[in-house]
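Chemist: sequence and predicted model, in that order:
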Amino acid sequence: MTKQQLFEQITQKNSYLCVGLDTDIKKIPSHLLKEKDPIFEFNRQIIDATAQFAVAYKPNIAFYEALGAKGWESLQKTIEYIPEECFTIADAKRGDIGNTSSLYARTFFDKSSSGLDFDSVTVAPYMGSDSVIPFLEFEGKWVILLALTSNDGGDDFQQLLVNSEESEIKNLYQQVILTSQKWADSERMMYVVGATKADKLLKIREIAPEHFLLVPGIGAQGGSLEEVSKYGMNKQCGLLVNSSRAIIYASSGDDFAKVAAQEAQLVQEEMAKYLQMYL
Ligand SMILES: O=c1ccn([C@@H]2O[C@H](COP(=O)(O)O)[C@@H](O)[C@H]2O)c(=O)[nH]1
């Protein structure tokens, strides 16, 4: 999916919501456990209920890998089920020496090899250019690079000051954003910025005005959608704001999909307001 197609989706649905499919076998309603593939059945109903309010879906790969071969099968069925118009994110946080990264890229992008055909994958930048570039060799696919993550521990490294030769002293996450712009432009690269760090968005927009940002951390982690939208939105919206637990586990009863839809709709309606105010 191109950046323009993503923006068109956002304007059509009046939403920049990404629903996180962090589907935990221990948390899904017990009546689903009698299904042949409970994880897929849960995802199917969540997707049916939320697709009119969401422009993207983000399965967190850990929840599927933890179940072994069965988990991969549920993931594959889920990706095939997500409506064509929605952007898909493999939240896998990969990255390794070049030849290994190439295989990670095949895992998520090459359907003929792995059965999976995501639009994008999250990548950790710590190993640098040759660990990220193999993901960009797949035409039309996106890299979403971890920049400023939503967790407290992110500050252990990401906010440290670095003194590079070519520019003034910067925080490490800012250097990640600047250096990685040499590898791909805003048509192929996004950055992860936690909603819990929304006060840094104005600065981030100075160095990445055109890029889409994947913003996890509203809902269960308490980040503010209003602040994210106010400080992070650009002229093509430039935001995909993720919520996982607050939507998919809003109810643990038989009505889980209906309640998930209500939660997704509440977020979408708030987003519609911000699109009108800040776009
Ligand atoms: O900085 C980051 C990067 C990724 N995540 C992931 O997003 C979701 C958030 O789930 P919630 O239930 O909405 O809190 C989850 O998959 C994380 O691994 C993040 O939270 N922060």
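Modeler: Here it is on my side, so go on.

Chemist: now the stretch 51-200 of the chain against the ligand: closest residue?
Modeler: residue 149 (3.1 Å; C-beta to the nearest ligand atom). Heads up, the C-betas are built off the backbone N, CA and C, glycines and all.

Chemist: the spatially closest residue to that residue that is not a sequence neighbour: how many residues sit nearby?
Modeler: Distance criterion C-beta to C-beta, 6 or more residues apart in numbering; nearest residue to residue 149, sequence neighbours excluded, is residue 194 at 5.3 Å. Using other C-beta atoms under 10 Å, residue 194 is surrounded by 26 other residues.

Chemist: near the ligand, which residues of the stretch 151-279 of the chain? Just list them.
Modeler: Those residues of the stretch 151-279 of the chain that sit near the ligand, judged by C-beta under 6 Å from any ligand atom, are 192, 194, 216-217, 219-221, 242-246.

Chemist: repeat that for 8 Å
Modeler: Applying C-beta under 8 Å from any ligand atom, one finds that the stretch 151-279 of the chain approaches the ligand through 151, 154, 192-194, 214, 216-221, 242-247.

Chemist: residue 153 versus residue 159, what's the distance?
Modeler: 11 Å (C-beta to C-beta, to the nearest Å).

Chemist: between these two, who's got more neighbours?
Modeler: residue 159 (14 against 8).

Chemist: let me know the secondary structure of that one.
Modeler: With DSSP: H, G, I helix; E, B strand; the rest coil as the basis, residue 159 sits in coil.

Chemist: just say helix, strand or coil for the residue located most distally from the centre of the chain.
Modeler: No residue in the chain sits farther from the centre than residue 165, which is 32.1 Å out by C-alpha atoms, centre = their mean. Three-state call for residue 165 (three-state DSSP): coil.

Chemist: what's the neighbour count on residue 232?
Modeler: 24.

Chemist: for the one 10 residues further on, same thing?
Modeler: By other C-beta under 10 Å, 29 other residues sit near residue 242.

Chemist: surely it is in a helix?
Modeler: No - counting by three-state DSSP, residue 242 is not found in a helix; it is strand.

Chemist: can you give me the strands for the stretch 151-279 of the chain?
Modeler: Assignment of strands within the stretch 151-279 of the chain using DSSP state E, counting those that start in this stretch yields the ranges 161-162, 170-171, 189-193, 213-216, 239-243.
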